[in-house]
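Novice: coordinates only, sequence not included:
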């Protein structure tokens, strides 16, 4: 009803249906936001705190979607993101390229915000990725990060910038927001919209989203080309061994929790 109350002041009409899964038959995209965010906090915050209850909700929703004729792209923002994305793919039986998690698209944006502030530039002048789990085992792949096309590792050395502190601030960014207002919404919803528009517009743009990587045997965040049919092409970064080790650790961490 709150959405319907807004419609008279909006420039376009929107049809709103509640719990009618048959309306999904001709949908292009479904965005899954089911979750139990209150369970991620505490003294040792971790998105896996909501694994079991959110997993039950995802199982229920996925089985209902399975009974429809939906054949579009599944976009997942539910947490723990990589595990929930994998669960949707397994239950729905869709090709892996048609089930995508927002993953570290949000964390990469947080990194760009933090780096942009450190160098007093717009975050859009920062490029690079956070990789792995959308969660505690993620990391900033500093070898990929540039500020106005200058390698950040070179700039950090010249300016004395502590990259490890930025990495930690980014990794814990969601929990910082959560501690402040009890939930997160703007950052992740913007990431979901960006991913969805890339699909709807067949943008064929590279995004660090949660997609299934055969070499790791799990969904995790790694840049891929996204378009109308979902993941169109998986990219291959030239990462140093230290970052490859971090990515393997993150993949193993996701797998360990996926098998619980």
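Specialist: Received it, and whenever you're ready, just let me know what you need. This one's a predicted model, so the numbers in the text were calculated from it and none came from an experiment. Numbering: from 1, shown residues only.

Novice: in the stretch 151-260 of the chain, which spans are strands?
Specialist: 205-213, 218-227, 230-234 (DSSP state E, counting those that start in this stretch).

Novice: again with the stretch 1-150 of the chain
Specialist: So, for the stretch 1-150 of the chain - with DSSP E, counting those that start in this stretch - the strands run 29-32, 73-76, 99-101, 126-131, 139-147, 150-151.

Novice: between the ones you listed, which one is nearest to residue 19?
Specialist: strand 29-32 (13.7 Å; CB to CB). Using the backbone N, CA and C atoms, a C-beta is placed for each residue, glycine as well.

Novice: shaky segments in the stretch 151-260 of the chain?
Specialist: Along the stretch 151-260 of the chain, segments meeting pLDDT under 70 span 174, 179, 260.

Novice: in TSV, list the strands of the stretch 151-260 of the chain along with distance to residue 19 and mean neighbour count.
Specialist: Listed next are the strands of the stretch 151-260 of the chain as TSV, based on distance: least, CB to CB, whole Å; neighbours: other CB atoms under 10 Å:
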stretch	distance to residue 19	mean neighbour count
strand 205-213	27	23
strand 218-227	27	25
strand 230-234	26	17
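
Novice: export these to TSV and tack on distance to residue 59?
Specialist: Shown next, in TSV, are the strands of the stretch 151-260 of the chain (distance: least, CB to CB, whole Å):
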stretch	distance to residue 59
strand 205-213	18
strand 218-227	16
strand 230-234	22
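
Novice: looking at those strands, which is closest to residue 72?
Specialist: Across the strands of the stretch 151-260 of the chain, closest to residue 72 is strand 230-234 (CB to CB), at 9.1 Å.

Novice: who are the packing partners of that closest one?
Specialist: strand 99-101, strand 205-213, strand 218-227 (3 or more CB pairs under 8 Å, 6 or more residues apart in numbering; DSSP states H and E).

Novice: helices or strands next to the first one in the packing?
Specialist: Using 3+ CB pairs under 8 Å, 6+ apart as the contact criterion, the elements in contact with strand 99-101 are strand 73-76, helix 81-92, strand 205-213, strand 218-227, strand 230-234.

Novice: one more time with 6 Å, if that's ok
Specialist: strand 73-76, helix 81-92, strand 205-213 (3 or more CB pairs under 6 Å, 6 or more residues apart in numbering; DSSP states H and E).

Novice: for residue 105, which of these is the nearest?
Specialist: strand 205-213 (5.4 Å).

Novice: quick one: that closest one to strand 218-227, angle?
Specialist: 150 degrees (axes from the mean of the first three to the mean of the last three CA atoms, to 10 degrees).

Novice: contacts for strand 205-213?
Specialist: 81-82, 85, 96, 100-101, 103-105, 108, 129, 198, 219, 221-226, 231 (CB atoms under 6 Å, 6 or more residues apart in numbering).
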